[in-house]
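K.L.:
Provided below are the primary sequence and the corresponding predicted coordinates.
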Amino acid sequence: MILSNAKRIDALTPLAGPLLQRLDLRHGPPDILTNFLLAAERVVRERGATLEIGNFDDMARVNAQHYDSWGRLVTMFDPRVAPIPADRAICIIGRDSAGDIAVTQATRLYDLAGTTLALEVASNRLFYPDSRPPPHERCEVTATSAQTLDGLAIYSGALWIRPDFRRRNLSPVLARIGRSLAFALHGATIAFSFARNELVTNGVAAGYGYKHFENSFRRFVADRLDFEGSYLWATDRETFADIEQFTATELAGGSLSDAKKQYGVI
């Protein structure tokens, strides 16, 4: 496969095993994305999980089975709440050697043309884009940047590592894989998420590759504070620069040139 256009990746099919077989990636710097995805898939596989593009029914089933180590699956990824449009969401799962799901990660595309992230959060349309929000739930994000964020944006979440797979340093790799695939597929300009404040103060959120952290998100249930945390975000350019550095410093090892030849990437 020859990647000749610096602004386009046409049909990385296949690139590195099951993870990318069904994807047509069209945006972003091809060399940076190719090097990162090859190295990231290899590292996750060496740490015990084989990645694939899965479906949200499987994610919801595993969430129900492992609720004690995961908690509530965020609603925009939960098909039990409403069907999830296949052209707007990516479900990544990783299976162990027995074929059981051991890790998950997901992203969802939002078109904020004519609105802003703050308005979508306040209306609860962000969390219930395909169904009517329950009247007893409301959210707010007060960050200044959220008041003006519009256009194409990616929400990244549903990152779960099965307890026996923890301490393998998989979270930083999986978080970057999800955002990189979403940027390359959808051509969005920003990715964001929400996290508990302790994940910001202890450096975990920065380890996921986000560059901006604002303590400004709250969720209320029946007018009682249910969750308080930070709004995390990074632009597409910041993400591409981050994965280039991450590939060189954290994913070193193995032969990238041999992997490219194996999967037909020139």
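P.N.:
Sure, I can see it.
K.L.:
going forward, measure contacts and count neighbours with C-alpha atoms only.
P.N.:
Fine.
K.L.:
what number of residues are in the vicinity of Q147?
P.N.:
Using other C-alpha atoms under 10 Å, Q147 is surrounded by 14 other residues.
K.L.:
for it, which non-adjacent residue is closest in space?
P.N.:
Nearest non-adjacent residue to Q147, counting by C-alpha to C-alpha, 6 or more residues apart in numbering: A118, 5.2 Å away.
K.L.:
the one you found - how many residues pack around it?
P.N.:
23.
K.L.:
next: the one 5 residues further on.
P.N.:
Around S123 there are 16 other residues, counting by other C-alpha under 10 Å.
K.L.:
who's in contact with it?
P.N.:
By C-alpha atoms under 8 Å, 6 or more residues apart in numbering, S123 lies in contact with R138, C139.
K.L.:
one more: P133?
P.N.:
Counting by C-alpha under 8 Å, 6+ apart, P133 has contacts N124, R125, F127.
K.L.:
closest to R162 out of the residues you listed?
P.N.:
F127 (24.3 Å; C-alpha to C-alpha).
K.L.:
about what we covered before: which of the contacts of P133 lies closest to S97?
P.N.:
Nearest to S97 among the contacts of P133, with distances taken as C-alpha to C-alpha, is F127, at 33.8 Å.
K.L.:
from R179, how far out is the nearest residue to the closest one once chain neighbours are set aside?
P.N.:
Nearest non-adjacent residue to F127, counting by C-alpha to C-alpha, 6+ apart: M76, 5.1 Å away. The gap separating M76 from R179 is 16 Å, by C-alpha to C-alpha, to the nearest Å.
K.L.:
ditto for P134
P.N.:
29 Å.
K.L.:
these two: which is more packed in?
P.N.:
Taking other C-alpha under 10 Å, P134 and R179 do not tie; R179 has more neighbours (28 against 10).
K.L.:
residues touching that one, list them.
P.N.:
Listed by C-alpha under 8 Å, 6+ apart, the contact partners of R179 are T107, I154, S156, A191, T239.
K.L.:
where are the low-confidence patches of the stretch 1-150 of the chain?
P.N.:
Of all residues in the stretch 1-150 of the chain, those with pLDDT under 70 make up the ranges 1-18, 20-24.
K.L.:
assign the residue nearest to F127 to helix, strand or coil.
P.N.:
helix (DSSP: H, G, I helix; E, B strand; the rest coil).
K.L.:
ok, which stretches of the protein are strands?
P.N.:
Secondary structure of the chain by DSSP state E: the strands cover 50-53, 89-95, 101-111, 137-141, 152-161, 190-196, 212-221, 224-235.
K.L.:
please identify which of those is closest to L19.
P.N.:
Closest approach to L19 among those is made by strand 50-53 (3.8 Å; C-alpha to C-alpha).
K.L.:
how far does that closest one sit from the chain's center?
P.N.:
With C-alpha atoms, centre = their mean, to the nearest Å as the basis, strand 50-53 stands 14 Å off its chain's centre.
K.L.:
no further queries at this time; thank you.
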